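Chemist: take this sequence and fold it.
(chains A and B)
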2 protein chains.
Amino acid sequence: MQELSKKKRRGSAPDAPNARRDAMRKLAVGALAAGAALRAHARTTPDTASIAPLEVEPWTLAPGASLLSPPYGVPSSFEADVFRRSARAPAMPGSGSSMTPLADLSGTLTPNGLVYERHHAGVPAIDPERHRLAIHGLVREPRIFSMDDLLRLPSESRVYFLECSGNTGTEWNGPSGLPVQLTHGLLSCCEWTGVRLSTLLDEVGVDPSAQWVLAEGADGAALTRTLPLERIVERALVAYAQNGERLRAENGYPVRLIVPGFEGNTNIKWLRRLKLVRGPEMTREETSKYTGLLPDGRARQFVFEMDAKSVITRPSAGHRLTARGYYAISGYAWSGRGRIRSVDVSTDGGKTWRPARLTSAVHDRALTRFEADWQWDGAPANLQSRAIDETGYVQPTHDALVAARGVNSQYHYNGIQNWHVEATGEVRNA
Amino acid sequence: MQELSKKKRRGSAPDAPNARRDAMRKLAVGALAAGAALRAHARTTPDTASIAPLEVEPWTLAPGASLLSPPYGVPSSFEADVFRRSARAPAMPGSGSSMTPLADLSGTLTPNGLVYERHHAGVPAIDPERHRLAIHGLVREPRIFSMDDLLRLPSESRVYFLECSGNTGTEWNGPSGLPVQLTHGLLSCCEWTGVRLSTLLDEVGVDPSAQWVLAEGADGAALTRTLPLERIVERALVAYAQNGERLRAENGYPVRLIVPGFEGNTNIKWLRRLKLVRGPEMTREETSKYTGLLPDGRARQFVFEMDAKSVITRPSAGHRLTARGYYAISGYAWSGRGRIRSVDVSTDGGKTWRPARLTSAVHDRALTRFEADWQWDGAPANLQSRAIDETGYVQPTHDALVAARGVNSQYHYNGIQNWHVEATGEVRNA
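Modeler: Presented below is the predicted three-dimensional model:
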């Protein structure tokens, strides 16, 4: 192994056809030099010519664990530190939030066990046989649906992100020092399956005077929001499944509203009631809460769409670069107004930008994965990303956002995030 | 509730603008009539005009469970019967398979805890810090990669199905009587993230004489296959994540090969070694196993792509239709050769066919969800689906498949599946 490293160091340039290959050679040198040399071992694989034989590890020498242990699988024990965490203790029992470990994830989807939580009165244990959804108000024929009724109706399956409008509120006053799980982790992305809201509205016959819809949850908070029908009816789902299986209890089992691109709070969990109304009902969650206080004392109300945003997850605060050389900078981009058009990355704190690759499917109102090549030369650096969505909107800097909104808005923070890389390789939120 | 049913029965036709609305009205009547009437309850919601007030259930009257219990979430206790099952006891410890509960799933993705398993020597517990991947053979510069090396390289995230080539082998001799979990459950679909095989091959520099690649697992079976480079290099991934998180142990942790569209067995788990070679190495798993015995005594060998296939999952064997009226027939379609172009559904055992809706994203070599409207009139019926892929290939009937391959092929069964609906509403694999 040491020999390989030396050889590669000497011969890194001449036969490399392009810069990335060069870059990756350097990665290889760094990583191999940093790692422990493989120990000598009597049992080796005979046909690995030209490189040190691979060690035959104990797990190759005996049968492994049996099937179906357990029948509903769990993560590897080597991934035991990947779980949801809270930034602070809940204000009261049942309240609070827990956050998705974004730095440990790849791709675009969030496994159901890691989807962020935000509850106002805890997680109800709802019996799906007893649960009912009423649709009433300004309709020709009000209706009550059982879960069996909903499951027999036409359905649709789409990938959408969910983001709490309070996500990244930690950064209004500048860098919080927190890692990405605790700054951006009120963010998840799932394939949701359910009945289109429009299908259900066809069932009850909406009166033309109905312009908004009130949605109410069956939890102890009976959380309630009103939503403008015209802006949501094309996409909203009354969803009973996420990532292929039925909703998790903490995500709204047995049924919830999905309002693609709108702030998480409007995606009412444990959905119990939809009432067609003329205008907003001015519920608690759209008056005293979920409004943004501006510097002049006015408040922004009914700000539904989550603006385009992105964040680098690897490397990010808490990581340490162990060697100079090549890194694929990787992160998420998303927009509540449509598809991500492009993502730019800077390694000099926003002085210069270059386009990232989009390395996943690009769905409407879904997390999109981006990557950019980076050669770390060992000097301090500042890693940033900015998202541009299909409307042309460009994710703002922290300073531009604060100039427009002040620092008391609390919700809808979408400023460009900076991760500072020290000469030691430590990465900090600074 | 009874009043609503009566009213709807009387007034079902005049104001319905189209057939589906009519159909769904009938659904509603059937389901509500079949369900128990809501019990009277003192605490009601005052503003549900024109329908019986919704009962206020106990879960609305008190705070629910706290956040983060557990920090890595699990399914609702009401979904406790949704788990992987085996069709038969394993032939030896560590061997065997467990199957995905397709009838209980929605959309296109399989949650990681329900992804099917097929092991030849059990599930190894591999320490990712110690695991190595060697790439050698006909290459300019052999290399050994640690997991850290792989994680620093450019990655890609794509949704692909995985299907064991033995899936649905139960049906060669006609209907087995089994439910869909045990006939088609060696089938799953995930978003996979990893390094493109082509990126790694660029690293080592492939000799032009290398036409195939041998892949070896680090499990006790050291499972080994050889694959034709030209047919896989465009899409194959050396994957370390599924559905956003690191691979599950039973699905190859810490790293596996993903060969989109190829039989599951070639997607080597616990990947330890890739050796570039001139031609197939004739390993055990491509000579004595994973070959298809034809009626004339010859065997089909190196049949990699899984042919286009589909199956209705709801309703399917073991379900019971509780009322006449509207049902959305729902299922999966997929092809190892590309995208699904269309799916047809028959309710009369294949005499007549009509097009289904594709109700999810349609990805290359991924599960696609289809749905078709159906009015059950209470008479016996035979539900079937057939997939057509972008190459124009049409899923064959059981009889056409058997005429071409006989009944001893064991692998690659993709005949049209029939679910027989009795007049009682019972659905059987007959």
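Chemist: tell me how far stretch A:244-256 is from the chain's mean position?
Modeler: 17 Å (C-alpha atoms, centre = their mean, to the nearest Å).
Chemist: quick one: contacts for the residue lying closest to A:T397 once chain neighbours are set aside?
Modeler: Distance criterion C-beta to C-beta, 6 or more residues apart in numbering or on different chains; nearest residue to A:T397, sequence neighbours excluded, is A:I416 at 5.1 Å. The C-beta positions use only the backbone N, C-alpha and C, and glycine is treated the same way. Taking C-beta atoms under 8 Å, 6 or more residues apart in numbering or on different chains, we find A:I416 in contact with A:S310, A:G350, A:Q384, A:S385, A:R386, A:Q395, A:P396, A:T397, A:H398.
Chemist: got phi/psi on A:I416?
Modeler: Torsion angles at A:I416 (phi, psi; degrees, to the nearest 10) stand at phi -60, psi 130.
Chemist: the nearest residue to A:G349 once chain neighbours are set aside is in what secondary structure piece?
Modeler: Of all residues not flanking A:G349 in the chain, A:N382 sits nearest, at 3.4 Å (C-beta to C-beta, 6+ apart). Taking DSSP states H and E as the definition, one finds A:N382 inside strand A:381-389.
Chemist: next, the buried residues of that strand.
Modeler: A:A381, A:L383, A:Q384, A:S385, A:R386, A:A387, A:I388, A:D389 (16 or more other C-beta atoms under 10 Å in any protein chain shown).
Chemist: check those and tell me the two furthest apart.
Modeler: Across the buried residues of strand A:381-389, no pair lies farther apart than A:A381 and A:D389, at 26.6 Å, counting by C-beta to C-beta.
Chemist: and the stretch 251-400 of chain A, which of its residues are near chain B?
Modeler: A:253-254, A:270, A:272-273, A:275, A:322, A:326-328, A:330, A:357, A:359-361, A:363, A:369, A:371, A:373 (C-beta under 8 Å from any C-beta of the partner chain).
Chemist: helices or strands next to the strand holding A:N382 in the packing?
Modeler: With contacts taken as 3 or more C-beta pairs under 8 Å, 6 or more residues apart in numbering or on different chains; DSSP states H and E, strand A:381-389 sits against strand A:309-314, strand A:325-334, strand A:340-346, strand A:419-421.
Chemist: ok so, going back, identify the residues contacting the residue nearest to A:G349.
Modeler: Each residue near A:N382 by C-beta under 8 Å, 6+ apart is listed here: A:S346, A:T347, A:D348, A:G349, A:G350, A:N418, A:W419, A:H420, A:V421.
Chemist: likewise A:L294?
Modeler: A:R300, A:R405, A:G406, A:N408, A:S409.
Chemist: can you count the residues close to the last one?
Modeler: To tie it back to what came earlier, the one meant is A:S409. As a burial measure, A:S409 scores 22 neighbours (other C-beta atoms under 10 Å in any protein chain shown).
Chemist: which pLDDT value belongs to it?
Modeler: On the pLDDT scale, A:S409 is placed at 93.
Chemist: cool, the one 10 residues further on as well?
Modeler: Confidence at A:W419, expressed as pLDDT, is 98.
Chemist: A:L68 too?
Modeler: With respect to pLDDT, A:L68 has a value of 80.
Chemist: what do you get for A:A52?
Modeler: pLDDT at A:A52 comes out at 83.
Chemist: hmm, it is touching B:I144, no?
Modeler: Yes - contact criterion C-beta atoms under 8 Å: A:A52 and B:I144 qualify, at 7.2 Å.
Chemist: show me which of the two is the more surrounded one.
Modeler: Remark: of A:A52 and B:I144, B:I144 carries more neighbours, 22 against 18, as counted by other C-beta under 10 Å.
Chemist: that one against A:L54, yeah?
Modeler: Yes - between B:I144 and A:L54 there is a contact at 7.1 Å, judged by C-beta under 8 Å.
Chemist: A:V204 against A:L133, yeah?
Modeler: No - look at A:V204 against A:L133 with C-beta under 8 Å: they stay out of range, at 11.2 Å.
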